[in-house]
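Engineer: Below: sequence and its predicted model.
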Amino acid sequence: MAIVIFSLGLTVVNGLVKSTINSANYLSEKVDVTIFDIVSRNPKIPPVFNLNEKVQLFNLRNIEHFINEKYKEEEFYSEKQKFLTASYSKYDEAVLKEIDKRLSEDDLIIFVHPLAMKIYLKANPNSKVKKLIQIHGNYLEEIDNYNLIKEHFDEIDYIQTVSRYMRDDLINILGAPKEKTIYIPNIAVPVKINRVKHKYLKRISIIGSIQKRKNQLDAVKILEHIEDNNVILQIYGHELDKDYATLIKDYIKRKGLEHRVKFMGIAQENEIYSNSDLVILTSKHEGLPYIFFESAIYKIPVLAYDFKYGAKEFSQDGKNGCLFKMGDYISMASKISEIFEDDEIYNDIVKINSEFFEKSYAKDKIVEMYLQLGGRSKTIKWNFLYNKYSYIENLGAYNKVIIGNEVKDNRSKIRIIGNNNIVNIGNNVKINHINITLKGNNIQLIIDDNVELTGTIVSMFQNTTLKIGKDTTIGKNEFTIAEETELIIGKDCMFAHNCEVRTSDMHPIYSLENGERLNFGKNIIIGNHVWLGKNSTILKGVKIANNTVVGINSIVTKSFETPNIVIAGIPAKKIKDNVIWGRKMYHKTMYDDSTLSDYYNKEGK
């Protein structure tokens with residue numbers, strides 16, 4: 001069979017997105033897998049987690065085909081809920097019909113949210129494809145989504161829950177057809193971590209966006225009832241509910257706990273679990289959170305309230321001694337103190353959880369559950385549509401990617417390894433065989449209109465910026481931007497092949513007299529209409545004025561802030577002034593080249 005997954009976006013760090021990508025990655029080892037993202041308004045933002053290259057990814061709003069463009073103006077379906085608003089056009093309907101034409105009754109569609117199911121069935125009421133709707137949350141609390149499912153019980157082949165207890169409630173309370181309701185848990189796989197044991201501190205972590213449902217306030221109350229001041233609370237996640245975050249911070253201040261509670265913001269999985277000694281869940285309701293699986297994988301105790309759903313299931317009805325009644329933060333605090341004081345108790349909990357995970361949630365076992373729902377294996381060619389911007393690989397969270405019109409890519413790669421970074425590529429940009437890596441947080445890569453990069457290698461690190469002005473052309477160069485510096489390149493510059501520009505030496509040099517470092521990184525600013533000759537090198541702290549020519553094989557170690565000069569040599573020095581350069585060889589005078597008119601006045605200055 002082939003499997004098609006309709007997702008509710010892949011650009012936000014949460015369990016639903018992780019489940020979608022993990023399922024796609026490991027199912028693609030056995031069958032052909034395609035993901036259609038039906039929500040993201042900006043189709044140019046890549047997934048927040050790494051997606052296997054075997055998985056085909058399309059965005060409903062980024063599909064090009066023969067359907068008449070006028071259909072984009074006609075509404076097909078809209079949904080308005082408290083936390084979800086979406087609308088779809090006749091153009092989207094036509095795409096959904098084309099997708100269904102290429103599938104058969106041997107194939108399987110997985111809807112990760114009822115909205116995806118709703119629009120697909122509305123477009124294809126007579127579809128013969130096997131259809132599965134996943135239930136990740138507590139639909140007793142999300143009645144709008146339940147109503148969407150209930151409306152189409154007869155047209156769905158399988159209703160999948162990720163928790164056994166959730167399956168029972170769907171059948172007994174919400175009236176889901178028993179014969180269609182199946183249990184398949186999420187797929188969890190480890191990443192590489194390096195557990196770091198703190199010399200003094202004992203670190204409790206709570207993970208998830210800051211909102212009332214996640215109930216981080218009770219986590220603070222748990223800490224309040226732990227007398228050991230070396231026990232601290234780390235709150236990971238972004239502030240989804242600002243008012244609730246303020247309430248928590250006010251409570252912390254009122255109780256004098258500022259030194260024991262840290263707001264960690266968004267972090268990668270390896271960072272969280274490398275620096276955690278114990279994990280807690282105080283949520284009011286969940287599905288079966290990944291935090292249970294990840295804690296078992298990384299051998300960290302996890303304590304939880306008995307919320308619906310998943311907590312009772314993973315704790316084996318409290319067998320591991322880590323399940324508590326909703327709101328009983330005092331008992332949880334007491335248990336945490338006991339665990340931290342006794343290594344044997346700590347290790348026993350880890351062993352029970354790890355063995356249960358291996359027995360109940362093994363990846364291959366879950367993949368096989370899906371495969372039993374379909375028929376033969378096959379490959380689907382989506383030759384009526386195509387996707388763009390596959391050259392961007394997003395391995396972090398809350399990264400903003402803006403791509404202009406008519407960007408042409410040829411075997412390029414832009415990798416984002418970190419959080420809160422910005423990639424902004426203007427209109428009519430050409431990138432050929434480039435390799436750009438943003439490694440760290442708060443990095444800005446800004447490429448203006450009509451820039452052309454060929455074979456360029458760029459390495460950017462924490463809190464750095466690269467700006468390339470419009471109409472600039474850059475050959476096979478290497479840029480290194482580190483130590484919170486900026487590399488600013490003006491407009492209409494021309495960099496020949498094998499140039500190197502470095503804002504940092506990348507290794508420290510210290511004074512033997514006082515031990516202080518001598519070679520901190522510094523900004524580089526290159527003006528407008530600057531020509532770098534082949535094999536030239538620009539080092540940290542350099543400023544180059546407008547209309548400068550840098551000779552072949554030069555090494556520039558100091559600033560040249562006078563415009564219209566030629567510099568050359570090792571180290572570079574001024575060898576000629578009062579000049580201007582052009583791109584085309586066939587002009588006899590500068591006045592014949594209309595592209596230079598902005599760089600001189602009528603007197604030729």
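Structural biologist: Great, that's in hand. Remember, it's a predicted structure, so these values are computed and weren't measured experimentally.
Engineer: What pairs with the helix or strand residue 134 falls within, parallel or antiparallel?
Structural biologist: In the assignment (DSSP states H and E), residue 134 maps to strand 130-135. Sheet pairing here is set by DSSP bridges, and for strand 130-135 it gives strand 108-111 (parallel), strand 158-161 (parallel).
Engineer: Looking at the last one now, give me its mean pLDDT.
Structural biologist: The average of the pLDDT scores along strand 158-161 is 91.
Engineer: Of all the residues in the helix or strand following it, which ones are buried?
Structural biologist: Following strand 158-161 in sequence order, the next helix or strand is helix 164-172 (DSSP H and E). Residues 165-167, 169-171 are the ones in helix 164-172 that count as buried (16 or more other Cβ atoms under 10 Å). To be clear about C-beta, it is placed using only N, CA and C from the backbone, and glycine gets the same treatment.
Engineer: For the stretch 451-600 of the chain, give me the ranges with low pLDDT.
Structural biologist: Scanning the stretch 451-600 of the chain for pLDDT under 70 picks out no residues.
Engineer: which residues in it form helices?
Structural biologist: Under the criterion DSSP state H, counting those that start in this stretch, the stretch 451-600 of the chain contains no helices.
Engineer: So, low pLDDT: which residues of the stretch 251-400 of the chain?
Structural biologist: 375-390, 397-398.
Engineer: let's see it at 50
Structural biologist: Flagging of the stretch 251-400 of the chain using pLDDT under 50 yields the residue ranges 384-388.
Engineer: all strands in it, in order from the N-terminus.
Structural biologist: Secondary structure of the stretch 251-400 of the chain (DSSP state E, counting those that start in this stretch): strands located at 261-265, 278-281, 302-305, 323-324, 392-394, 400-403.
Engineer: just checking, what packs against the second one?
Structural biologist: Spelled out, that is strand 278-281. Packed against strand 278-281 by the contact rule (3 or more Cβ pairs under 8 Å, 6 or more residues apart in numbering; DSSP states H and E) you find strand 202-207, helix 290-297, strand 302-305, helix 329-341.
Engineer: Now the element after the first one, going C-ward?
Structural biologist: Next in sequence after strand 202-207, counting helices and strands by DSSP H and E, comes helix 216-224.
Engineer: what does that next one rub up against?
Structural biologist: With Cβ atoms under 8 Å, 6 or more residues apart in numbering as the test, helix 216-224 has contacts from 204, 206, 208, 210, 231-233, 235, 244, 247-248, 251-252, 255, 257, 260-261, 280, 282, 305, 327, 329, 332-333, 336.
Engineer: how about the strands of the stretch 251-400 of the chain in TSV, adding distance to residue 491 and mean neighbour count?
Structural biologist: Listed next are the strands of the stretch 251-400 of the chain as TSV, based on distance: least, Cβ to Cβ, whole Å; neighbours: other Cβ atoms under 10 Å:
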stretch	distance to residue 491	mean neighbour count
strand 261-265	36	17
strand 278-281	51	24
strand 302-305	54	24
strand 323-324	62	22
strand 392-394	24	21
strand 400-403	19	17
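Engineer: for the record, mean pLDDT for stretch 84-101?
Structural biologist: Here the average pLDDT along stretch 84-101 is 86.
Engineer: What are the buried residues along it?
Structural biologist: Buried, per 16+ other Cβ under 10 Å, within stretch 84-101: 86, 88-96, 98-100.
Engineer: Mind putting those residues into JSON lines with secondary structure and distance to residue 391?
Structural biologist: Shown next, in JSON lines, are the buried residues of stretch 84-101 (DSSP: H, G, I helix; E, B strand; the rest coil; distance: Cβ to Cβ, whole Å):
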{"residue": "86", "secondary structure": "strand", "distance to residue 391": "28"}
{"residue": "88", "secondary structure": "strand", "distance to residue 391": "28"}
{"residue": "89", "secondary structure": "strand", "distance to residue 391": "28"}
{"residue": "90", "secondary structure": "helix", "distance to residue 391": "31"}
{"residue": "91", "secondary structure": "helix", "distance to residue 391": "26"}
{"residue": "92", "secondary structure": "helix", "distance to residue 391": "25"}
{"residue": "93", "secondary structure": "helix", "distance to residue 391": "30"}
{"residue": "94", "secondary structure": "helix", "distance to residue 391": "28"}
{"residue": "95", "secondary structure": "helix", "distance to residue 391": "23"}
{"residue": "96", "secondary structure": "helix", "distance to residue 391": "27"}
{"residue": "98", "secondary structure": "helix", "distance to residue 391": "26"}
{"residue": "99", "secondary structure": "helix", "distance to residue 391": "25"}
{"residue": "100", "secondary structure": "helix", "distance to residue 391": "30"}
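Engineer: Out of those, the closest to residue 272 would be?
Structural biologist: Lowest distance from residue 272 to those (Cβ to Cβ) belongs to residue 86, with 30.9 Å.
Engineer: and the closest one, what does it touch?
Structural biologist: 38-39, 78-79, 115.
Engineer: Report the buried members of those.
Structural biologist: Here, 16+ other Cβ under 10 Å leaves 38-39, 79, 115 buried among the contacts of residue 86.
Engineer: Counting neighbours, which of the contacts of helix 216-224 end up buried?
Structural biologist: 204, 206, 208, 210, 231-233, 235, 244, 248, 252, 257, 260-261, 280, 282, 305, 329, 332-333, 336.
Engineer: about what we covered before: quick check: which of the strands of the stretch 251-400 of the chain is nearest to residue 586?
Structural biologist: Closest of these to residue 586 is strand 400-403, at 35.3 Å (criterion: Cβ to Cβ).
Engineer: what comes up buried for stretch 115-133?
Structural biologist: Quick answer for stretch 115-133 (16+ other Cβ under 10 Å): 115-121, 123-124, 127, 129-133.
Engineer: Do me a favour and get the end-to-end distance for it?
Structural biologist: Taking Cα to Cα, to the nearest Å, the first and last residues of stretch 115-133 lie 10 Å apart.
Engineer: Repeat that for stretch 106-120.
Structural biologist: 18 Å.
Engineer: can you count the residues close to the nearest residue in space to residue 484 that is not next to it in sequence?
Structural biologist: Nearest non-adjacent residue to residue 484, counting by Cβ to Cβ, 6 or more residues apart in numbering: residue 463, 4.1 Å away. Applying other Cβ atoms under 10 Å, we find 15 residues neighbouring residue 463.
Engineer: My read is that residue 463 contacts residue 441, right?
Structural biologist: Yes: shown here, residue 463 and residue 441 form a contact pair, counting by Cβ atoms under 8 Å, at 7.3 Å.
Engineer: Just name the closest of the buried residues of helix 164-172 to residue 531, please.
Structural biologist: residue 166 (65.5 Å).
Engineer: give me every residue that touches that closest one.
Structural biologist: 135, 138, 287-288, 308-310.
Engineer: now do 10 Å
Structural biologist: Contact analysis of residue 166 by Cβ atoms under 10 Å, 6 or more residues apart in numbering lists 135-140, 160, 181, 183, 286-288, 308-310, 313.
Engineer: Highest average neighbour count across the strands paired with strand 130-135: which stretch is it?
Structural biologist: strand 108-111 (a mean of 26; mean count of other Cβ atoms under 10 Å).
Engineer: what mean pLDDT would you report for that one?
Structural biologist: Computed over strand 108-111, the average pLDDT equals 95.
Engineer: mind checking how far it is from the chain centre?
Structural biologist: The chain centre lies 24 Å from the centre of strand 108-111; the measure is Cα atoms, centre = their mean, to the nearest Å.
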